[in-house]
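Asks: Have a look at this prediction, sequence included:
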Amino acid sequence: MIGYANNGYRLWNNEKRRVEIHRDIIIFNENKEDKIKSNEKIKITQNIINTEEDIINTEEDIISTEEDIINTEEDIINTEEDIINTEEDIINTEEAISTEEENLNLRRPVQQIEKQNIDIPNTELGTRSQRTRKIPEKLKDYVLLTYKEATTGIEKENWEKAIDSEKESLKKNKTWSLIDISEAGRRG
């Protein structure tokens, strides 16, 4: 018997060369410690220490793996945000192009526009997809609002409460320090 554990006794298993925990044990009155040489006692102690170090190393590996998972999830979120931003840029570009095309069409004589519409078959009208875009299920709970939309929309009071709560939290935790604009102008 080496000692006590939370749920039993710590015992050294010489065959498996490791520490085991058991609840029910029978202790013989033989003094086996007298039979073990002092070198063997040192080896047992070293093995116990090595086993405990292995446990600690395993826990550290688990923690680093969890951190890697968190970093990967953050990278995925950033990638999804980049995709959303890219899609918005594409939509804005397409809208700008269609507006520009409409402006060009307004400048052309009516006869040219009619001739152009007749000459182009329906299959060549454009490659833009006509399907409606849907937000992926995993992003359904994500609210894409600007500050202006949030403070003038239907849930204005809730957004203002949330903003005030966040400001109070920042003040309470001393996350930011306020400075006068005149001081900032002198520094920068």
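Replies: The structure has been received and is ready for your questions. Residues are numbered from 1 along each chain as shown.

Asks: only C-alpha atoms for contact and neighbour calcs from this point on.
Replies: Will do.

Asks: And the strands in this structure?
Replies: Counting by DSSP state E, the chain has strands at residues 3-5, 8-13, 18-22.

Asks: Show me what the shortest one is packed against.
Replies: Helices and strands in packing contact with strand 3-5 are listed as strand 8-13; criterion 3 or more Cα pairs under 8 Å, 6 or more residues apart in numbering; DSSP states H and E.

Asks: which parts of the strand it packs on are buried?
Replies: 9, 10, 11, 12 (16 or more other Cα atoms under 10 Å).

Asks: Also stretch 5-25?
Replies: Within stretch 5-25, the residues that qualify as buried are 9, 10, 11, 12, 19, 21, counting by 16+ other Cα under 10 Å.

Asks: how about the helices of this structure, start to end?
Replies: 32-35, 38-107, 110-119, 147-152, 156-172, 181-187 (DSSP state H).

Asks: rewinding a little: got the strands of the chain as a markdown table, with mean pLDDT columns?
Replies: Output for the strands of the chain, formatted as a markdown table (pLDDT from 0 to 100):
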| stretch | mean pLDDT |
| --- | --- |
| strand 3-5 | 83 |
| strand 8-13 | 86 |
| strand 18-22 | 88 |
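
Asks: got CSV for the ones you listed, with distance to residue 80 too?
Replies: Shown next, in CSV, are the strands of the chain (distance: least, Cα to Cα, whole Å):
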stretch, distance to residue 80
strand 3-5, 48
strand 8-13, 50
strand 18-22, 48
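
Asks: Residue 53 is nearest to which of those strands?
Replies: Taking Cα to Cα, strand 18-22 is the member of the strands of the chain nearest to residue 53, at 12.7 Å.

Asks: Next, the angle from that closest one to helix 38-107.
Replies: If you take axes from the mean of the first three to the mean of the last three Cα atoms, to 10 degrees, strand 18-22 sits at 90 degrees to helix 38-107.

Asks: and strand 18-22, what does it pack onto?
Replies: strand 8-13, helix 38-107.

Asks: among the helices and strands of this structure, which one scores worst on average pLDDT?
Replies: Lowest on mean pLDDT, DSSP states H and E among the helices and strands of the chain sits helix 110-119, with a mean of 50.
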